[in-house]
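Trainee: coordinates only, sequence not included:
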């Protein structure tokens, strides 16, 4: 069981089982939302329990996905692709240890011009 929360603790979550290796998304939407790139792991919806769900506000950021954040402290928590059986959870919201490692960078064609990606992991342009 892996656990995590927002900054203020109004939203807490649990994930049953191990966390899949996360990805770092450098797309413009993730950069605008997070003020940098967004790292998340995709887990089956059935493995996630959210406590304090009434404090999650959802923003429909595209026709394909919505983003969930704590309405009290503003912590970014979820990336929810509509019509899929999984949900992305922000790695920064998990308590340690996560027992996983970043596996890939995605949408690097949109990355910020103020940093370089130099960790040797695979990079997908889109």
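Mentor: Cool, got the structure. What you see is a predicted model, and the numbers here were worked out from it, not measured in a lab.

Trainee: now do the helices in the protein.
Mentor: With DSSP state H as the criterion, the chain has helices at 28-34.

Trainee: can you give me the buried ones in the worst-scoring helix or strand of the chain on mean pLDDT?
Mentor: Here the helix or strand of the chain ranked lowest by mean pLDDT, DSSP states H and E is helix 28-34, holding a mean of 94. The neighbour-count check on helix 28-34 (16 or more other Cβ atoms under 10 Å) flags 29-31, 33-34 as buried. Placement of C-beta: from N, CA and C, glycine included.

Trainee: check stretch 11-30 too.
Mentor: By 16+ other Cβ under 10 Å, the buried positions in stretch 11-30 come out as 11-13, 15, 19, 22-27, 29-30.

Trainee: go on, stretch 78-85?
Mentor: Across stretch 78-85, burial judged by 16+ other Cβ under 10 Å covers 78-80.

Trainee: turn those residues into JSON lines, columns for pLDDT.
Mentor: Compiled in JSON lines, those are given as follows (pLDDT from 0 to 100):
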{"residue": "78", "pLDDT": "98"}
{"residue": "79", "pLDDT": "96"}
{"residue": "80", "pLDDT": "97"}
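
Trainee: who's in contact with residue 93?
Mentor: If you count contacts by Cβ atoms under 8 Å, 6 or more residues apart in numbering, residue 93 has them with 4-6, 13, 75-77.

Trainee: same thing but at 10 Å, please
Mentor: By Cβ atoms under 10 Å, 6 or more residues apart in numbering, the residues touching residue 93 are 3-7, 11-13, 40, 70, 75-78.

Trainee: ok, and the most crowded of those residues?
Mentor: Highest neighbour count within the contacts of residue 93: residue 11, with 27 neighbours (other Cβ atoms under 10 Å).

Trainee: that one is in contact with residue 53, isn't it?
Mentor: Yes: using Cβ atoms under 10 Å, residue 11 is in contact with residue 53, at 7.3 Å.

Trainee: joint contacts of the two?
Mentor: Both residue 11 and residue 53 are contacted by residue 68, under the criterion Cβ under 10 Å, 6+ apart.

Trainee: related to what we said a few turns ago, from the buried residues of helix 28-34, which single one is nearest residue 113?
Mentor: Using Cβ to Cβ, residue 31 is the member of the buried residues of helix 28-34 that lies nearest residue 113, at 10.9 Å.

Trainee: thank you, goodbye.
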